[in-house]
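> need a 3D model of the sequence below.
(one chain, ligands or ions: 1)
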Amino acid sequence: MAPGREQTYDWAVEISHQPAHSTPSRPDTTDWTVPSAQGCPQCGFVPIRPLSGVARRLRDSVERWQAVLELPDVAVRPEPDVWSRLEYCCHVLDINRVFTVRVERMRSEDVPTLEGWDGEVAAVEGDYNARDPRSVASDYETAAHRAAELFASLEEDAWHRQGVREDGKRFTIATLADYWLHEVQHHLADAER
Ligand SMILES: [Zn+2]
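Next comes the predicted model:
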């Protein structure tokens, strides 16, 4: 369950046009803005309130991802179309980086348009499975702490500042944080299995 793509699209069309095992992550029919807002029955995520808890949740994810990356065979996919633990962690590391920039822009700009980011493409271009797990763990720690510091420094009313994704979906910093933290938790659940 690793929808690298953010936008909702017609998965039935997508599947019928795919050769078998062409995608590193299994399609998911869910629009991830919904479970991030309403809670996700698959991973148990509920939006973090009060929002002051967001920074700590990001910091707490560091130790869990480090533990995942110390497991044997981290670069082995359990099935050809399911990401390895290393790939999941690289994916969430990139999410932390991309979303940090988004929040910085939403904080400083007036309703910025947030460029799309395709996690599937990033996984291929970034050659996730060839990375050194120890350096990924270190990079994850750096990125998660940077993001946590950003959230910890937000003024109270900044959580309501807005940005628009390229597909028209409008977020506040608070709802983007929900979306982001759901990605972290859902993929941790995938990788800790
Ligand atoms: Zn979930």
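
> quick check: residues of the chain near the ion?
Proximity of the chain to the ion, by Cβ under 5 Å from the ion, involves residues 40, 42-43, 45, 186. No exception for glycine: its C-beta is placed from N, CA and C like everyone else's.

> filter the residues you listed down to the buried ones.
40, 43, 45, 186 (16 or more other Cβ atoms under 10 Å).

> looks to me like the last one is in a strand.
Read it as H186. No: the assignment for H186, made by DSSP: H, G, I helix; E, B strand; the rest coil, is helix rather than a strand.

> I would like the residues contacting stretch 167-178, please.
With contacts defined as Cβ atoms under 8 Å, 6 or more residues apart in numbering, stretch 167-178 is touched by 6-8, 33, 36-37, 47-48, 51, 54, 99, 102-103, 106-107, 114, 116, 151, 154, 158-165, 179.

> helices - which of the residues of the chain next to the ion land there?
Those of the residues of the chain next to the ion mapping onto helices are H186, per DSSP state H.

> farthest-separated two in the residues of the chain next to the ion?
Spanning the widest gap among the residues of the chain next to the ion are Q42 and F45, at 8.4 Å by Cβ to Cβ.

> next, show the common contact partners of these two.
Shared contacts of Q42 and F45 (Cβ under 8 Å, 6+ apart): 35, 186.

> so D110: helix, strand or coil?
Using three-state DSSP, the structure places D110 in coil.

> what's the answer for V164, then?
strand.

> what does Y179 give?
Following three-state DSSP, the label given to Y179 is helix.

> after the lowest-mean-pLDDT helix or strand in the chain comes which helix or strand?
Among the helices and strands of the chain, helix 11-16 carries the lowest confidence by mean pLDDT, DSSP states H and E, at a mean of 29. The element immediately downstream of helix 11-16 (helix or strand, assigned by DSSP states H and E) is helix 33-38.

> and for that next one, what's in contact with it?
41-42, 45, 47, 169, 175, 178-179, 181-183, 186.

> which one of those residues is nearest to L71?
The closest of those, once distances to L71 are taken by Cβ to Cβ, is H186, at 18.3 Å.

> quick one: the closest one and C40 touch, right?
Yes: counting by Cβ atoms under 8 Å, H186 does reach C40; the two are 6.3 Å apart.
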